[in-house]
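1. when you get a sec, could you give me coordinates for this:
(3 chains)
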Amino acid sequence: MYIPHTKKDKEEMLKAIGASSFEDLVKQVPSKFLWPKLNLPGESLDESQAAALLSGLAGKNCRPLNFLGAGAYERYTPAAVKAITSRTEFLTAYTPYQPEASQGTLQAIYEFQSTVSALYGMDCANASMYDGASSFAEAVRAAVRVTGRKKIVYAAGVNPQYMDTLKTYFAHSPEYSYVKVPMKDGAMDKAALPALLEGAACLAVQTPNFLGLIEDMSGVAETAKKAGALLVAAADPVSLGILATPGEYGADFAVGEGQSLGLPLAYGGPYLGLFSCKKEHVRQMPGRICGLTKDKDGKRGFVLTLQAREQHIRRDKAASNICSNEALCALAATVYSALYGPEGLKELAEANSGAAAFAAERLAGIKGVSLKFKGPFFNEFVVSVPGSAAKLREKVLAARGVDIGLPLAPLYPELGETLLVCATETKTEADILKLEAAIKEAL
Amino acid sequence: MPKPEEVKYTKTHEWVHLGAEAAVGISDHAQHEMGDVVFVELPKVGQKLEKEKPCAVVESVKSAFDIYAPVSGEVTAVNEAVTGDPALLNQSPLDNGWLFKMKASNPAEGETMMDWAAYQEFIKQAAH
Amino acid sequence: MICSVTDNSLSIEKSDAGRRGLCCKNPLRAKANVPANLRRKSPLRLPELSEFDVVRHYTRLSRLNFSVDTHFYPLGSCTMKYNPRFNEEAAALEGFAALHPLAHDTCAQGTLELLHDLSARLTELCGLDAITLQPAAGAHSEFTGLLLAKAYFEAKGENRTEIVCPDSAHGTNPATASMMGFTTVNLASKPDGRLDVEELKKHIGPKTAVLMLTMPNTLGIFESNIEAIAKAVHDAGALFYMDGANLNALIGMVKPGDFGVDLMHLNFHKTFSTPHGGGGPGAGAIVCSKALAPFLPVPTVKKSGSGYVSDFGDGRSIGKVKAFFGNTGILVRAYAYMLAHSAAEFGDIARCAIINANYVRSLLMDIYPSYSKEYCMHECVLTPGADMTAKGLKTLDVAKGLLDRGFHAPTIYFPTIVHEAIMIEPTETESKETLDEFVAAMRDIHDAGIADPQKLKDAPHTMPVKRLDEVQAARQPNLHW
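-> Numbers count the residues shown, from 1 in each chain, chains lettered A, B, ... in the order given. The predicted model follows:
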């Protein structure tokens, strides 16, 4: 209970209102609906009781040594990130509708947009979306608006959850068609592009792709452009510490899952949708955008801008219905990026690449286990295993408390019994040797 | 360039200067009501317009306004200057702030529109 | 490092080449293996700062904000109530925070149990049967709700293309309808701010999929003819969607399911006290009747024997609206809040929210006329009086005057059907003393504004910046360093 009113307060307030009782105030509600019986606990918990209950629940989740990735990555969250995001001036503020009273949030958003633009090498970015999947879906929607075309060509390596979300976004329009670019050794078969892209709104690609492989994007934007299609690229932001940026390879829209930038896994959210684009598409960006301007004394200040595109003004003509975004997560990502800086992000990216390379090397040495693809990968890779991958995972989890990765058969049956194994900078050499030993033991 | 008395007006506050090519813009009254214009989205040259259907958008900081085609026809030219400098709509709505030109497919549609005097009366009525 | 009181530089402007904050020393870096042709060529333009630089920079920024913890924040329709610290501690528990979304169900029993119990409590509060916790926010919930409606009618072989909503609706309602390919039919409100049932009957029919109605509506008024509305909707074979943004007025006091709501959304960052974070993250839910349950997004949580499992439905689901499960970190906070309330204590939330709004209204309406002549629910819509408008004073000036007096402004110019609207929602967690101070500030703004209108038009005078040039910001967008 977080209500300050005493009995006396309530009486005095009702008197000031001129109501004889609370029931006077709610006469507009048909009385038959008032105060129904609620099948809820008759007693609430005090804080220490609630703390005990919640610790108990948290303790029922087990903490395996984790080699799961597949779109959500285990990261270390620096203490300074937690300290800044728990400042309640950030935590308990609302959307900056009164700019004079929200310069802290607004400048942080501006710095976030700058960080995303820098990472992705793009001209501009928005104030965030819900998550990588919704950013991806909104980018494809924007490409459809720009081109007026309804054919969506996507690489087989795009995160299947992103594709599911996209298809849900377009569920109302049966006239949209989806064409998959076939896979060649785990990556996009570029030779197939010219024929597939005819009449397409966009080519949607993810790199590193869902299977961990780094797509070779050289010439792809040009091929798309020749067909009049836009290029939508999804990329992990930490990978961009060392990998070629969407800006460099000519993407029109670049999106990503910002959870990678130091946010906790939290069983799926809150995460952070990163959304950026070329300058000419700035007005196609959904959601909020912060801009730098001056106050009437000429002093630097920040405001939400280009607002006339948004739902509260355009209503049924808005580019998107998004209202709340993920501002606090955006702040966390901004602080994270500032703490590591260009050199630190490069180190992080190298550590991911190195850890995964080492893990792949060790696992490929196990009898019966082999690397599925030959191409270069970032922080995850696919291995073929003898027998059922799902059963192997359960067995190792139960026996050794190691989650060895995601069985891919439900998503990519054509790959056979395989696992998607991820190693981020949180994994040490000893962790990886433990993974190797646990799998060896179980086979 | 037309004087305010030389053009016809719609109830949605567009003006149109009829001729071989009809020029279209927004009235001085409209720009005043909108406040500072920050963005203009124009139709494309060659686009077919239908009378009274939205064909362009003008935005101020906190509002967006649809611009309706005063007559049916095909767009023959657009004023790129206003997309680069939307303030032109505020500064000279009838002159440098014109929006687009079109070839009217049925010039008779223009006859139902208001002249300057009728438009003044219309604004006065709408204010009440 | 710059740290003077006049500092308004960007982090990048404080950057010094070669300065380091955090680093990553994992020796496995040496095994990094990325071919040169796939590497980044352009420099990464991020600030180079020490950890202390970063901490001081963002601590300074935080102090430029008004927030619920530092200021009364009566933003109408946003329900800026106290965000209990305990919620934050609960969400940060390692067992919840470190759980991977693709973790095996056997590893996620605690979270699944929490979600299962949260679901049960929420459906009971709403008087409905089933729920999804997947949407990331309110608008995202609306989208999910309309997808459900679409799937429901498709399964029945009906093609319904229209969404009906009143002109007082949140902008997200028509925006969502259009995103879904529906046509929006707008209904003009009656002079008392309510939906006109006769108008509704005229506009509802075999093409209508859904009536979207905010309850109480954005004027802070309850639709007293709710039974007639629900009947008209159901007679037409359509669904009744309740926008739950204003549920704080009703929680524990009525069950929306009782008056015929088929589906509704919840905003956890409103009614259930999770923080707004400067504009998110939020979390949403769609609560619905049995008839709609088969179409809910997957996965949902199901009890199975002594444990809990993710349930992927029977194939009729609309699919996913978001990767993974939902904003679980926010849901843990909401659950912590649920634990702190018994059935009766939920009713106190609604009761005190309504008393607070009426208290403010009654003490201000002599100089700030109330749009509605009746008592309000959890929020009231006022306007500047004739004496202020005669001096050229507008709602915006009142808002800025409040900032100078240490109060965040109410929601202004919304709902759009009220000219110069000032929409005040105090919430139940504010004390009588705070409301008295707010009332005094509003009265002072009135008196000071009448005495010296120009000074109020120039407000704020005491904030980090004065009124900002939004025209330049929009004409020549400067969106990054």
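
2. show me what contacts residue A:70?
-> A:159, A:210, A:380, A:406, A:420, A:422, C:102 (CB atoms under 8 Å, 6 or more residues apart in numbering or on different chains). Glycine gets a C-beta too; all of them are placed from N, C-alpha and C.

3. can I get these in JSON lines with distance to chain B, secondary structure and pLDDT?
-> Output for those, formatted as JSON lines (distance: CB to the nearest CB, whole Å; DSSP: H, G, I helix; E, B strand; the rest coil; pLDDT from 0 to 100):
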{"residue": "A:159", "distance to chain B": "33", "secondary structure": "coil", "pLDDT": "97"}
{"residue": "A:210", "distance to chain B": "37", "secondary structure": "coil", "pLDDT": "98"}
{"residue": "A:380", "distance to chain B": "43", "secondary structure": "strand", "pLDDT": "98"}
{"residue": "A:406", "distance to chain B": "45", "secondary structure": "strand", "pLDDT": "98"}
{"residue": "A:420", "distance to chain B": "44", "secondary structure": "strand", "pLDDT": "98"}
{"residue": "A:422", "distance to chain B": "44", "secondary structure": "strand", "pLDDT": "98"}
{"residue": "C:102", "distance to chain B": "42", "secondary structure": "coil", "pLDDT": "96"}
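
4. phi, psi for the most centrally placed residue in chain B please.
-> Taking CA atoms, centre = their mean, the centroid of chain B lies closest to residue B:25, which sits 2.6 Å from it. Per-residue torsions, residue B:25: phi -160, psi -170 (degrees, to the nearest 10).

5. any idea of the pLDDT on it?
-> Reported pLDDT at residue B:25 in the predicted model: 95.

6. neighbour-wise, which one of the contacts of residue A:70 leads?
-> Of all these, residue A:380 has the most neighbours under the rule other CB atoms under 10 Å in any protein chain shown, reaching 30 neighbours.

7. beta-bridge partners for that residue, please?
-> residue A:422 (DSSP bridges).

8. that one reaches residue A:419, doesn't it?
-> No - applying CB atoms under 8 Å, one finds residue A:380 not in contact with residue A:419, separated by 10.0 Å.

9. what do these two both touch?
-> residue A:405.

10. check the secondary structure at residue A:383 for me.
-> Following DSSP: H, G, I helix; E, B strand; the rest coil, residue A:383 is assigned to strand.

11. how about the strands in the stretch 51-200 of chain C?
-> Taking DSSP state E, counting those that start in this stretch as the criterion, the stretch 51-200 of chain C carries its strands at C:130-132, C:162-166, C:183-187.

12. most tightly packed of the ones you listed?
-> Ranked by mean neighbour count, these are led by strand C:162-166 with a mean of 25 (mean count of other CB atoms under 10 Å in any protein chain shown).

13. close to chain A, is it?
-> No - for a cut-off given as CB under 8 Å from any CB of the partner chain, strand C:162-166 has no contacts with chain A; the smallest distance is 9.2 Å.

14. and that strand, which strands flank it?
-> Assessed with DSSP bridges, strand C:162-166 is paired to strand C:183-187 (parallel), strand C:208-214 (parallel).

15. and chain C, is stretch B:86-104 touching that?
-> Yes - contact between stretch B:86-104 and chain C, assessed by CB under 8 Å from any CB, occurs at B:86-87.

16. give the rounded mean pLDDT of that stretch.
-> In the prediction, stretch B:86-104 has an average pLDDT of 94.
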